[in-house]
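Peer 1: From the sequence below, what's the structure:
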Amino acid sequence: MRVHINLDEDTLAELDTRVGRRRRSAFISATVRRALDDERRWDEIEAALGAIPDEGHEWDADPAAWVHAERHADRRRVG
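Peer 2: As a prediction, the model looks like this:
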């Protein structure tokens, strides 16, 4: 689909220097796609905030001991 956008002269000059006039659309499309993907990820991160309670975990008393126990719980994982 065709979309009309406005870019200032300096931005357009740098874009052309980096990707060339014939690759403008592909570069802009890929860049917008990445930016939208980042926005979706941030939405998911913000939605997950607070999903894990601040206390009441099995690791609360001694986190280092809990990590050690988890790392050594499965002998196939210990090298």
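Peer 1: Point out where this protein drops to low pLDDT.
Peer 2: Within the chain, the stretches with pLDDT under 70 are 78-79.
Peer 1: how about the helices in it?
Peer 2: Remark: helices assigned in the chain by DSSP state H are 9-19, 24-48, 63-72.
Peer 1: Now mean neighbour count too, for those helices, in JSON lines please.
Peer 2: Quick note: C-beta positions are derived from backbone N, CA and C, even for glycine. Output for those, formatted as JSON lines (neighbours: other C-beta atoms under 10 Å):
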{"stretch": "helix 9-19", "mean neighbour count": "11"}
{"stretch": "helix 24-48", "mean neighbour count": "11"}
{"stretch": "helix 63-72", "mean neighbour count": "11"}
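Peer 1: Indicate which one of those is closest to residue 3.
Peer 2: The closest of the helices of the chain to residue 3 is helix 24-48. By C-beta to C-beta, the value is 9.0 Å.
Peer 1: which strands and helices sit next to that closest one?
Peer 2: helix 9-19 (3 or more C-beta pairs under 8 Å, 6 or more residues apart in numbering; DSSP states H and E).
Peer 1: Dump the helices of the chain into TSV; add distance to residue 57 as well.
Peer 2: Output for the helices of the chain, formatted as TSV (distance: least, C-beta to C-beta, whole Å):
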stretch	distance to residue 57
helix 9-19	48
helix 24-48	16
helix 63-72	8
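Peer 1: So which of those helices is nearest residue 1?
Peer 2: Ranking these by proximity to residue 1 (C-beta to C-beta) places helix 24-48 first, at 10.5 Å.
Peer 1: Contacts for the closest one, please.
Peer 2: 5, 15-16, 18-19 (C-beta atoms under 8 Å, 6 or more residues apart in numbering).
Peer 1: now swap in stretch 7-14 and tell me
Peer 2: residue 15.
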